[in-house]
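Novice: Starting from these lines, generate the structure:
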Amino acid sequence: MSQREDILNLLAGKKITDKPAFSGLIHITAEGLEREGLDFQEIHHDANKMAKAAASTFRLTGMPSAALPLDLCAPAEALGATLNYYEQGGDQFPQPAKPLFASTKYLTAGYMTSADFVSKGRISMICDAFRLLREDVGGEVVISGVIPGPYTLLLYLVEPGGLFAEMKREPDLAKDALFHLASFLAQIGQAYREAGADFITIHDMGGSPGFIGPAKYEQFVFPAEKHLIEQLPKPRVLSVCGNANKSIQVLAQTGADALSVDQLTDLKSAREALKDTLLFGNVDPVATLYRGDEAQVVESVSRAREADVDAVWPGCDLFPPMSGKNLRAFVSS
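Specialist: Numbers count the residues shown, from 1 in each chain. Down below sits the predicted model:
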């Protein structure tokens, strides 16, 4: 049985012999792009180049996975946000140039249903990239469709000062906006699956309990994440950043099939708390995979397996300048 088949069986809830090392988060490297003759600034606008970039890590290291798109901002762009692509060079991922709205009140049902936003921006092009990627390496790797979580998307769209003030004064406005965004993200996730993704990874960096705090997570983020996950086809992975130790049981109640945590979350405690949810994690993408050496990578992978994760994942997106040697050690450990 191939690694791809093993991972698909794992995601489907079946028992497998080994604990695979792969990723459903963004994992491209500057070294892999260079070998494919690609520039970091051109891979976000062209379906062929995007697909080729997503496959480059597999070709460089044997990592049995690929992920699209190569940034988290396509949903914000589809809703009208202008992105900064940092075309002057470097390996900085696209980000919104400025907030689209001053208040969450603009993200009402009227606005969200006023246009076919799923067909706007780069979404259609990204779906083309999924098809090309599947034709290229889909028989050898699992393909993740990456979407931001509702709260992360809200942070991309609304001026932070106005958002935080409304969360205190008029919390129902923020909750309503989050539910509308969750439904929109579910449409995108469904489109990615239909285009060729094997599973969806919800990367809710800004909405992680380790960042927003456990209380605000339960009040604002949890209901919207649960609403999103209910609308997505299985399998669905929820990825959270920061220290989530106090919120593991609540995260499990989102309905996600797997939970990916980073290096600040204690894996043994998480494993004890998660009964029916797969646990993925949590090799440090910067201190270990980027700044460490191969021996440190092997040690971190071993620790994760000893903590009884179901699969070893980087704790977050890869830092592109990292060494291909370290990533090969991650895959082969």
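
Novice: So for the closest residue in space to Gly89 that isn't next to it in sequence, what's the pLDDT?
Specialist: Nearest residue to Gly89 in three dimensions, chain neighbours excluded: Gln41, at 6.7 Å (Cβ to Cβ, 6 or more residues apart in numbering). C-beta here means a position set from N, CA and C on the backbone, and glycine is covered the same way. At Gln41, the pLDDT value in this model is 89.

Novice: same question, Gly24
Specialist: At Gly24, pLDDT is 98.

Novice: Look up how far Ala311 lies from Val283.
Specialist: 11 Å (Cβ to Cβ, to the nearest Å).

Novice: ok so the residue nearest to Gly89 is a helix residue?
Specialist: Yes: according to DSSP: H, G, I helix; E, B strand; the rest coil, Gln41 belongs to a helix.

Novice: May I have the residues that are in contact with it?
Specialist: Tyr85, Tyr86, Glu87, Gly89 (Cβ atoms under 8 Å, 6 or more residues apart in numbering).

Novice: can you check Pro75 too?
Specialist: Ile123, Ile147, Pro148, Leu153, Phe184, Leu185, Ile188.

Novice: neighbour-wise, which of these leads?
Specialist: Leu153 (29 neighbours; other Cβ atoms under 10 Å).

Novice: and that residue, what does it touch?
Specialist: Neighbouring residues of Leu153 by Cβ under 8 Å, 6+ apart: Pro75, Ala76, Leu181, Leu185.

Novice: In terms of helix, strand or coil, where does it fall?
Specialist: Three-state call for Leu153 (three-state DSSP): helix.

Novice: measure it to Leu267 for me?
Specialist: In terms of Cβ to Cβ, Leu153 sits 28 Å off from Leu267.

Novice: Which of the contacts of Pro75 fall in strands?
Specialist: Those of the contacts of Pro75 mapping onto strands are Ile147, Pro148, per DSSP state E.

Novice: Contacts for the least confident helix or strand in the chain by mean pLDDT next, please.
Specialist: Of all regular secondary-structure elements in the chain, judged by mean pLDDT, DSSP states H and E, the least confident is helix 109-112 with a mean of 83. Helix 109-112 has contacts (Cβ under 8 Å, 6+ apart) with His180, Leu181, Ser183, Phe184.

Novice: most neighbours, which of the residues you listed?
Specialist: Busiest of those [other Cβ under 10 Å] is Leu181, holding 28 neighbours.

Novice: Beyond the strand or helix carrying that residue, next helix or strand please.
Specialist: If you go by DSSP states H and E, Leu181 is part of helix 171-195. As assigned by DSSP H and E, the chain's next helix or strand after helix 171-195 is strand 199-203.

Novice: Which strands or helices does that next one pack on?
Specialist: Contacts defined by 3 or more Cβ pairs under 8 Å, 6 or more residues apart in numbering; DSSP states H and E place strand 199-203 against strand 142-148, helix 171-195, helix 222-231, strand 236-239.

Novice: Any idea which of these gets closest to Tyr106?
Specialist: Tyr106 lies closest to helix 171-195 among the helices and strands packed on strand 199-203, at 8.3 Å (Cβ to Cβ).

Novice: Tell me which residues of the closest one come out buried.
Specialist: 173-193, 195 (16 or more other Cβ atoms under 10 Å).

Novice: Strands along this protein, start to end?
Specialist: Counting by DSSP E, residue ranges of the strands within the chain are 65-68, 83-84, 95-96, 142-148, 199-203, 236-239, 258-260, 278-280.
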